[in-house]
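In: here is the input, now give the coordinates:
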Amino acid sequence: MGTRVHYPEEIKWEAIKLKQKGLSNQAIMDQLGIKNVSQIKTWMKWHREGQVHRFSQPVGKQYTYGKGPGQLSEVDELRRKIKQLEIQLKILKKYQEIERSWSRK
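Out: Next up is the predicted model:
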């Protein structure tokens, strides 16, 4: 099997910054020495979803959903809760739409 590569947190942030500037994944990989495009995609996803605590985690120590390290700030906790509630609201609205369509039949 292949070996895991650990990229320092600074490389991850630099990749995010370069991607936001509009560089292609290949250009970022060449510039920073990243071996696989999926790494950049994963880091971008973490950044979009506000899971930036993951940038400092060691290889193989990714936390399960909803369980970050204990030192998350109150703001991060509130953002996570807001996102969870928004998803629940979206599900409930979809359910109401389906229920209404059934009652029309």
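
In: please make it C-alpha for all contacts and neighbour counts, starting now.
Out: Will do.

In: what comes up buried for the helix ranked longest in the chain?
Out: Ranked by number of residues, the top helix in the chain under DSSP state H is helix 74-104. Buried residues in helix 74-104, defined by neighbour count with 16 or more other CA atoms under 10 Å: R80.

In: quick one: it to chain centroid distance?
Out: A distance of 20 Å separates the centroid of the chain from that of helix 74-104, by CA atoms, centre = their mean, to the nearest Å.

In: what residue is smack in the middle of this structure?
Out: Nearest residue to the geometric centre of the chain (CA atoms, centre = their mean): W46, 2.1 Å.

In: quick check: that residue touching V52?
Out: Yes: judged on CA atoms under 8 Å, W46 makes contact with V52 at a distance of 6.1 Å.

In: and F55, how close does it get to Y95?
Out: Separation of F55 from Y95 (CA to CA, to the nearest Å): 36 Å.

In: same deal with K83?
Out: Look at K83 and Y95: by CA to CA, they are 19 Å apart.

In: same thing with M44?
Out: 31 Å.

In: break the protein down into its domains, please.
Out: The chain breaks down by automatic domain parsing into domains covering 1-70, 73-105.

In: and those domains, which one is worst for confidence?
Out: Sorting the domains of the chain by mean pLDDT places domain 1-70 lowest, at a mean of 81.

In: now it, how far from the chain's geometric center?
Out: Relative to the chain's own centre, domain 1-70 is displaced by 9 Å; criterion: CA atoms, centre = their mean.

In: same check on stretch 86-105?
Out: Centroid displacement of stretch 86-105 relative to its chain, using CA atoms, centre = their mean, is 28 Å.

In: contacts for that stretch next, please.
Out: For stretch 86-105, there are no surrounding residues in contact (CA atoms under 8 Å, 6 or more residues apart in numbering).
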